[in-house]
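Enquirer: any chance you could fold what I've pasted below:
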Amino acid sequence: MFGDWRGRQPTGEGINPSFVDIILYGRPGDTQGQYDFKATITDPILVSGGNHTLEWGDRWTLTGGPAPGAPPVLHLHDLPNSQISTYALMSNGILIPTTSARVPDTSPGSLRYGLAPVPRESRSFGKL
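Expert: You can find the predicted model right below:
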């Protein structure tokens, strides 16, 4: 397994967040493989009866950053436009959404959608 990340996406309904889990299949050092992506949209029970989950999977690629010293860029192919599909892989393992120039988007609005790596020794590592 290449890695597992968790965090939020800006796709919740209204003020309700969407929580995501991304698993990248492959070995450490790989630059491509398959992924599984699960988004759980939280909805108050009084509105629609709870949470609902959406799942996707396809191919991921990791390419060099757009300039020397820039972090590598992870692209999750064939996700719907409602989901963030391009991230910078920071040296600490955190995935940060990128700008259209493929550099980390460090604006406050974007940083809240950074994804944290799940430790390999965690019992939930590699499980959606």
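
Enquirer: only C-alpha atoms for contact and neighbour calcs from this point on.
Expert: OK.

Enquirer: and the longest strand for the chain?
Expert: When every strand of the chain is counted residue by residue (DSSP state E), the longest turns out to be strand 52-63.

Enquirer: that one - what's its average pLDDT?
Expert: In this model, strand 52-63 has an average pLDDT of 92.

Enquirer: with stretch 86-93 instead?
Expert: Per-residue scores along stretch 86-93 average to 96.

Enquirer: low-confidence bits of this structure, can you list those?
Expert: Along the chain, segments meeting pLDDT under 70 span 11-17, 43-51, 123-128.

Enquirer: now do stretch 111-118: everything it contacts.
Expert: Residues from elsewhere that reach stretch 111-118 (CA atoms under 8 Å, 6 or more residues apart in numbering): 3-10, 93-97, 105, 124-125.

Enquirer: ok, which pair from the residues you listed is furthest apart?
Expert: Comparing every pair within the contacts of stretch 111-118 by CA to CA identifies 105 and 124 as the most remote, at 28.3 Å.

Enquirer: more crowded one of these two?
Expert: When residue 105 and residue 124 are compared for neighbours, residue 105 comes out ahead with 18 against 11, by other CA atoms under 10 Å.

Enquirer: what sits against the nearest residue in space to the more buried one that is not next to it in sequence?
Expert: Leaving aside its chain neighbours, residue 105 sits nearest to residue 98 (4.9 Å; criterion: CA to CA, 6 or more residues apart in numbering). Shown in contact with residue 98 (CA under 8 Å, 6+ apart): 86-88, 104-105.
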